[in-house]
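S.K.: Predicted model follows, preceded by the sequence.
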Amino acid sequence: SRFYPAHKVIHLFRDERPGQVNGVPWLAPVVLKAHDLHDFGDARLYREKIAGAFTAFITRNSEAGMGLPSKENSGDPANYPLEQIQPGVIEHLAQGDEISFGSPPQTDGFKEFWGVSALELSMGVGLSYATYTGDMSGGSFTSNRMGWLEDQRYFSAIRSRAIQPKMLWPITQW
């Protein structure tokens, strides 16, 4: 790392109050919520993988062998357990064997939870839900247009109060 004098560094932040010297990151109100939502998405993806796994359990009767072949049952394929289910596989079970299937976890409610979380994140950064997510399905043209106009006023204020005087003007002076 190298040392740079303060007059050669652009300190870009929004002034929230008069005389403010240091800024607060714009994502500070929502960074933990965004991390938790990311973790929830990962957990939900893993849950979907588990739900997509089609699991079968075979209960063998006492007469059929099981496990590794021995001298007595070395050539009989019925003595090997079914280890993998693939499309189109027909497995012949010995008489008395039963097969049962696991019940995968239910995978509902993700869209609603994500929508509420995205609404909280958008409010935390000061944007409308439609601008933050790009999802225009929740409103009419008029409400989306009003949200867009409000966002443009917000962006204009950031440009005129923070980006231009604290970043662009020092760059032009350099």
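M.R.: That came through, no problem. None of these values were measured; they are calculated from a predicted model.
S.K.: what about Lys33, neighbour count?
M.R.: 14 (other Cβ atoms under 10 Å). Every residue, glycine included, has its C-beta placed from N, CA and C.
S.K.: and it, what helix or strand is that in?
M.R.: Following DSSP states H and E, the helix or strand that holds Lys33 is helix 31-52.
S.K.: Name the residues of that helix that are buried.
M.R.: Neighbour counts over helix 31-52 (16 or more other Cβ atoms under 10 Å) mark Ala34, Leu37 as buried.
S.K.: tell me what it is packed against?
M.R.: With contacts defined as 3 or more Cβ pairs under 8 Å, 6 or more residues apart in numbering; DSSP states H and E, the packing partners of helix 31-52 are helix 110-125.
S.K.: circling back to that earlier point, how far off helix 110-125 does the helix holding Lys33 point, in degrees?
M.R.: Per axes from the mean of the first three to the mean of the last three Cα atoms, to 10 degrees, the angle that helix 31-52 makes with helix 110-125 is 170 degrees.
S.K.: now helix 31-52, how far from the chain's geometric center?
M.R.: Chain-centre distance of helix 31-52: 5 Å, with Cα atoms, centre = their mean, to the nearest Å.
S.K.: Please export the alpha-carbon coordinates of that helix; CSV is fine.
M.R.: Provided in CSV are the C-alpha atoms of helix 31-52 (Å, rounded to 0.1, in the frame of the first residue of the first chain):
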residue,chain,number,x,y,z
VAL,A,31,-26.1,-4.5,4.5
LEU,A,32,-26.9,-7.1,7.2
LYS,A,33,-30.3,-7.7,5.7
ALA,A,34,-28.8,-8.2,2.3
HIS,A,35,-26.3,-10.7,3.6
ASP,A,36,-29.1,-12.6,5.4
LEU,A,37,-31.2,-12.6,2.3
HIS,A,38,-28.2,-14.0,0.3
ASP,A,39,-27.8,-16.7,2.9
PHE,A,40,-31.5,-17.5,2.8
GLY,A,41,-31.3,-17.8,-1.0
ASP,A,42,-28.4,-20.2,-0.7
ALA,A,43,-30.3,-22.3,1.9
ARG,A,44,-33.4,-22.3,-0.3
LEU,A,45,-31.4,-23.4,-3.3
TYR,A,46,-29.9,-26.3,-1.3
ARG,A,47,-33.5,-27.1,-0.1
GLU,A,48,-34.6,-27.2,-3.7
LYS,A,49,-31.8,-29.6,-4.5
ILE,A,50,-32.9,-31.9,-1.6
ALA,A,51,-36.5,-31.7,-2.7
GLY,A,52,-35.5,-32.7,-6.2
